[in-house]
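**Student:** mind looking at a prediction? Sequence and model below.
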Amino acid sequence: MNNEDKPRLAIDMDEVLADTHHKFLTLYHRDYGIAMDIHQEPGKELHENLPHDLNGQWKIYINEKGFFRDIPPMQDAIETVKALQERYNVYVVSAAMEFRNSLEDKLDWLGDHFPFIPWTHILFTGEKIIAADIMIDDRIKNLARFDGRKLLFTSPHNLLITGYERVNTWKEVAGLLL
Ligand SMILES: [Mg+2]
């Protein structure tokens, strides 16, 4: 199939391609002894599960240069995205403008883990006002106004949300789209 003719697939980074939760937990564990397997209440943000005085710490971490540079990729994400490229025009779409230091880190991170995605298919943006056929994201604020097929990638904070087609793992994404 001609590249131009392939459907466009837009994929989010944090908590979809990148295990950002794990990075936060690593830092909370390192600095405050929080257990890596802390109970995460369904529907709550990770920081809402922490002792009250740590609720705002995530904003300090996330704005530090380097925060986004060494996040582990989500399980099976690399192989699946590589396979999806055969059938789709894969775009990475990240609201990177929210954290100014994230831009360079995210670009370098993609170069490390997803070097097969060309720069022309990396969209660092504010609101995700994009034209694509399918969008995979863990935040319904990004999916809500999207016109195509919406796949909600499961994360503890979105477990109580209903009314969306849901994918729990990259293996499930592969099962649906490949
Ligand atoms: Mg996300």
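**Tutor:** That came in fine, so what should we check first? This structure is a prediction, so every number in the text was calculated from the model and none was measured.
**Student:** quick one, helices of the protein?
**Tutor:** Ranges of helices in the chain, per DSSP state H, are 20-32, 57-63, 77-84, 102-113, 140-143, 170-177.
**Student:** quick check: Arg166 vs Leu152, distance?
**Tutor:** According to C-beta to C-beta, to the nearest Å, Arg166 stands 5 Å off from Leu152. For the C-beta atoms, the positions are set from N, CA and C on the backbone; glycine is no exception.
**Student:** give me the more crowded residue out of the two.
**Tutor:** Each of Arg166 and Leu152 has its neighbours counted (other C-beta atoms under 10 Å); Leu152 has more, 22 against 15.
**Student:** shouldn't that one be in contact with Lys141?
**Tutor:** No. Leu152 lies out of contact with Lys141 (C-beta atoms under 8 Å); the separation is 11.5 Å.
**Student:** next up, the contacts around Ala18.
**Tutor:** 68, 71-74, 109 (C-beta atoms under 8 Å, 6 or more residues apart in numbering).
**Student:** can you list the residues of the chain near the ion?
**Tutor:** With C-beta under 5 Å from the ion as the criterion, the chain comes near the ion at residues 12, 14-15, 138.
**Student:** nearest to Pro118, of those residues?
**Tutor:** Asp12 (18.2 Å; C-beta to C-beta).
**Student:** list the contacts for that closest one?
**Tutor:** 92-94, 135-139, 142, 153.
**Student:** okay, now the spatially closest residue to Leu25 that is not a sequence neighbour: neighbour count?
**Tutor:** Residue nearest to Leu25 in three dimensions, not counting chain neighbours: Met36, with 5.2 Å by C-beta to C-beta, 6 or more residues apart in numbering. Using other C-beta under 10 Å, Met36 has 9 other residues around it.
**Student:** does Met36 touch Thr26 like I think?
**Tutor:** Yes. Between Met36 and Thr26 there is a contact under C-beta under 8 Å: 7.5 Å.
**Student:** closest to Leu160 among the residues of the chain next to the ion?
**Tutor:** Closest approach to Leu160 among those (C-beta to C-beta): Asp138, at 13.2 Å.
**Student:** so the closest one sits right up against Ser155, yeah?
**Tutor:** Yes. If you go by C-beta under 8 Å, Asp138 and Ser155 touch, sitting 4.3 Å apart.
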